[in-house]
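Chemist: One predicted model, sequence on top.
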Amino acid sequence: MAQSKNTVFRRLFVHVLCVVCAAFFVMPFAARAGITKELNYQGKLTDASNTAVADGSYSMTIRIYDAATGGNCLWSARGTCASPQSRSVTVTDGIFSIRLGDTAAGDNALTLDFNGTYYLGVAVGTDAEMTPRKKLTAVPQAFNAEYLDGIAAASFLRSDAADTMAASSSNTLLTLNQSGTGDILNVLDAGTEVFTITDGGNVGIGTTTPTAPLHVAGHCVTADTRLRRRRRRRKGATDTEGLSDEELEKLLRDGIITGFDDDYIYDEVMIVDLVADDEVASMNVQTGALTWSRVNALVNMGIKP
């Protein structure tokens, strides 16, 4: 088939393609079910004198690329990008109509998301692929596919990837309104529910069935929480640990400490006043008994009193 014949074919094919591309630009916002992921491709095949070719079957090799020249082949109608195969196209009065990605007809599935710039390359018969490749573009109405009810796609949060909600407004950023009897909010960590707001507003941390406005399963410690502490008495120490029994008795009467014995001095302090080597009373979650635990080191978590 002569190159001049391909030139005419290329020109006619582009005008039709622009109309049908719109279907793919709306796909990201269409319903998930019922989408036909095929691209209509119609055109007229003529010879060098612009006369329709004879009726019959003609072979076409069709591929989609990410660049006008060179680049990467992203899809081939038949075979693979590395080893493409032609498909037979029926031509009547020079007119043909096929659906790219029609798996029932033998095409490869068309799985491109059409969220970038793509170029179509076509070869007829044994001729080389026509140049230049043709950029896949949308008809004017398809530009609206970037919007849903007039709102830009970038304004929507994704549910399948990490995303951020941000705004600069005096209004509430996020409102959750549960009209039914289900929970208002469930937050999961690796599939395990760790934070719950139930119908009625009870908040549970570490429990999925909070029975109070705030129900915490486990320890709840804030910056102003007072912890029971004990310090080992040390002879010769220059601080409280080195005081005599008489001096400690005075501190006990003044309410500065809560008690002492031969080995330890007991008091209650806020978490911000703990130092390394202090021991604090904590509940053993298995036995329910209070045990003393040594503070090995302190880390600044940004907590303010």
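Modeler: In hand now; what should we look at?

Chemist: Now residue 212: closest residue in space, sequence neighbours ignored.
Modeler: Counting by CB to CB, 6 or more residues apart in numbering, residue 202 is the residue found nearest to residue 212 once chain neighbours are left out, at 6.4 Å. Bear in mind the C-beta positions are built from the backbone N, C-alpha and C, glycine included.

Chemist: burial measure for the one you found, as a count.
Modeler: By other CB atoms under 10 Å, the residues close to residue 202 number 18.

Chemist: List the residues that contact it.
Modeler: By CB atoms under 8 Å, 6 or more residues apart in numbering, the contact list for residue 202 reads 210-215.

Chemist: now the helices: where do they sit in the stretch 1-150 of the chain?
Modeler: Ranges of helices in the stretch 1-150 of the chain, per DSSP state H, counting those that start in this stretch, are 3-20, 22-25.

Chemist: ah, wrong one, I meant the stretch 201-305 of the chain
Modeler: 245-253.

Chemist: Tell me where the model's unsure across it.
Modeler: 219-223, 298-305 (pLDDT under 70).

Chemist: how about 90 then?
Modeler: Filtered on pLDDT under 90, the stretch 201-305 of the chain yields the residue ranges 214-227, 234-242, 269-277, 281-291, 293-305.

Chemist: circling back: list only buried entries from the contacts of residue 202.
Modeler: 210, 215 (16 or more other CB atoms under 10 Å).

Chemist: if I look at the spatially closest residue to residue 133 that is not a sequence neighbour, how far off is residue 134?
Modeler: Spatial nearest neighbour of residue 133, chain neighbours left out: residue 119 (4.0 Å); criterion: CB to CB, 6+ apart. Using CB to CB, to the nearest Å, one gets 6 Å for the distance from residue 119 to residue 134.

Chemist: repeat for residue 86
Modeler: Relative to residue 134, and taking CB to CB, residue 86 is found at 18 Å.

Chemist: Quick one: neighbours of residue 135, just the number.
Modeler: 14.

Chemist: ok, what's across the strand from it?
Modeler: With DSSP bridges as the criterion, the beta-bridge partners of residue 135 are residue 119.
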